[in-house]
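Undergrad: Provide a 3D model corresponding to the input given below.
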Amino acid sequence: MHKWYHIASRDIDSSVRQGRKSMAVSWRNSSNLIQYGQTQAVAMNRAVQKIRSTISFVRRFGVLGFLEELRYRMADLYYERRLGVETAGRHTVKDLGFANAEFMDYDPIWYREIYSALNKIPLDKSTSTFLDYGSGKGRAVIAAAALPFKRVIGIEISDRLLAIAQKNLDTMRHKRCKRVELLLIDATQYVVPGDVNLIYFYNPFAGQVLQTVINNIYDSYKQSPREMYIVFVNNHHFENAIKNQPWLTRIEQRTFHHYDYDHSCGIYVTKASCSQKARRLDPASAEGWERVTE
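TA: Residues are numbered from 1 along each chain as shown. Down below sits the predicted model:
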């Protein structure tokens with residue numbers, strides 16, 4: 001009898017343990033199921049939001065506008081993945097901790113437009129230095145570094161954006177330029193090196209800041225006269241700033257439409273090299289560009 005009691009107790013304890021274990025497994029499975037359901041609900045929510053956004057976009061801009069936007073986005077996605085970088089995303093001046101009304105928000109230009117402009121410049125890249133004012137997360141710098149420039153420089157006043165740009169540069173694939181520099185500096189304080197002959201702006205600032213930067217570029221040009229090109233996207237501020245700058249002239253202009261905004265891009269060259277521009281500009285890359293005659 002005593003022996004039977006111990007055996008029965010042992011069996012009962014074993015059954016209880018197995019029951020507890022089964023309950024724990026069931027609880028975990030239930031928790032996982034709930035978590036999976038929540039994840040699926042979030043994914044479904046996002047999908048619904050994207051569908052609504054797409055329908056709203058098509059209603060506002062039409063099917064052709066949607067297809068054009070899709071083409072731009074697919075091109076950006078292609079370059080970001082091919083180069084192994086992440087440069088997208090908008091950051092306001094306030095978000096970055098600045099209160100200067102002459103600064104512009106960070107919102108990168110499309111890769112297609114960067115390369116469209118760079119393909120217009122009749123310079124030997126292997127002997128040319130590219131400078132990007134307000135380089136942000138590094139999109140224009142990275143696009144240029146994927147080409148065989150002698151040197152590429154990006155200057156940025158936001159340490160937050162510069163850190164992201166440096167990370168992108170460190171992970172970048174298909175880099176062809178061997179000398180790429182990212183500098184944390186106020187653009188008005190930057191002394192333009194004498195070998196810089198291609199300067200890029202995506203409308204990073206206006207007003208007195210832009211005027212001071214133009215004066216700095218002119219000082220570099222005076223100290224070392226050379227053929228220099230400037231690419232300025234959304235160039236209305238720049239046009240106003242160089243009205244009394246006889247050393248610089250606009251030779252190309254392009255206007256392109258995105259959403260309900262018109263964007264512009266001007267290409268400028270130092271006066272000393274204006275006589276060479278007609279001979280050297282590449283007609284194969286002229287789509288969408290207008291020659292400016294003065």
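
Undergrad: can you map out the helices along the chain?
TA: Secondary structure of the chain (DSSP state H): helices at 2-83, 111-118, 139-145, 159-171, 207-223, 236-241, 277-280.

Undergrad: which of the ones you listed has the lowest mean pLDDT?
TA: Ranked by mean pLDDT, these bottom out at helix 277-280, with a mean of 44.

Undergrad: the domain parsing of the chain - what is it?
TA: Domain ranges of the chain: 1-64, 111-291, per automatic domain parsing.

Undergrad: next up, the contacts around residue 242.
TA: For residue 242, the contact set (CB atoms under 8 Å, 6 or more residues apart in numbering) comprises 214, 248, 268. C-beta coordinates here come from the backbone N, C-alpha and C atoms, glycine included.

Undergrad: nearest to residue 146, of those residues?
TA: residue 268 (23.7 Å; CB to CB).

Undergrad: isn't that closest one up against residue 250?
TA: Yes - look at residue 268 against residue 250 with CB atoms under 8 Å: they come within range, at 5.1 Å.

Undergrad: tell me which of those two has more neighbours.
TA: Ranked by neighbour count (other CB atoms under 10 Å), residue 268 and residue 250 place residue 268 first, with 21 against 17.

Undergrad: quick one: residues contacting the residue nearest to that one when sequence neighbours are not counted.
TA: Computed as CB to CB, 6 or more residues apart in numbering, the closest residue to residue 268 that is not its neighbour in sequence is residue 230, at 4.3 Å. By CB under 8 Å, 6+ apart, residue 230 lies in contact with 198-201, 217, 238, 248, 267-269.

Undergrad: switch those over to JSON lines; also include distance to residue 166.
TA: JSON lines is the format used below for those (distance: CB to CB, whole Å):
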{"residue": "198", "distance to residue 166": "22"}
{"residue": "199", "distance to residue 166": "21"}
{"residue": "200", "distance to residue 166": "18"}
{"residue": "201", "distance to residue 166": "21"}
{"residue": "217", "distance to residue 166": "25"}
{"residue": "238", "distance to residue 166": "28"}
{"residue": "248", "distance to residue 166": "32"}
{"residue": "267", "distance to residue 166": "29"}
{"residue": "268", "distance to residue 166": "29"}
{"residue": "269", "distance to residue 166": "31"}
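
Undergrad: which residues touch residue 234?
TA: Residue 234 touches 202-203, 263-265, counting by CB under 8 Å, 6+ apart.

Undergrad: lowest-confidence entry in the residues you listed?
TA: The minimum pLDDT among those falls on residue 263, with 81.

Undergrad: is it true that that one touches residue 255?
TA: Yes - taking CB under 8 Å as the definition, residue 263 is a contact partner of residue 255 at 7.1 Å.

Undergrad: between the two, which is the more surrounded one?
TA: Each of residue 263 and residue 255 has its neighbours counted (other CB under 10 Å); residue 263 has more, 18 against 12.

Undergrad: quick check: closest non-adjacent residue to that one.
TA: residue 256 (5.3 Å).

Undergrad: burial of the one you found, as a residue count?
TA: Counted with other CB under 10 Å, residue 256 comes out at 17.

Undergrad: residue 112 is in contact with that one, correct?
TA: No - using CB under 8 Å, residue 256 is not in contact with residue 112, being 9.3 Å away.
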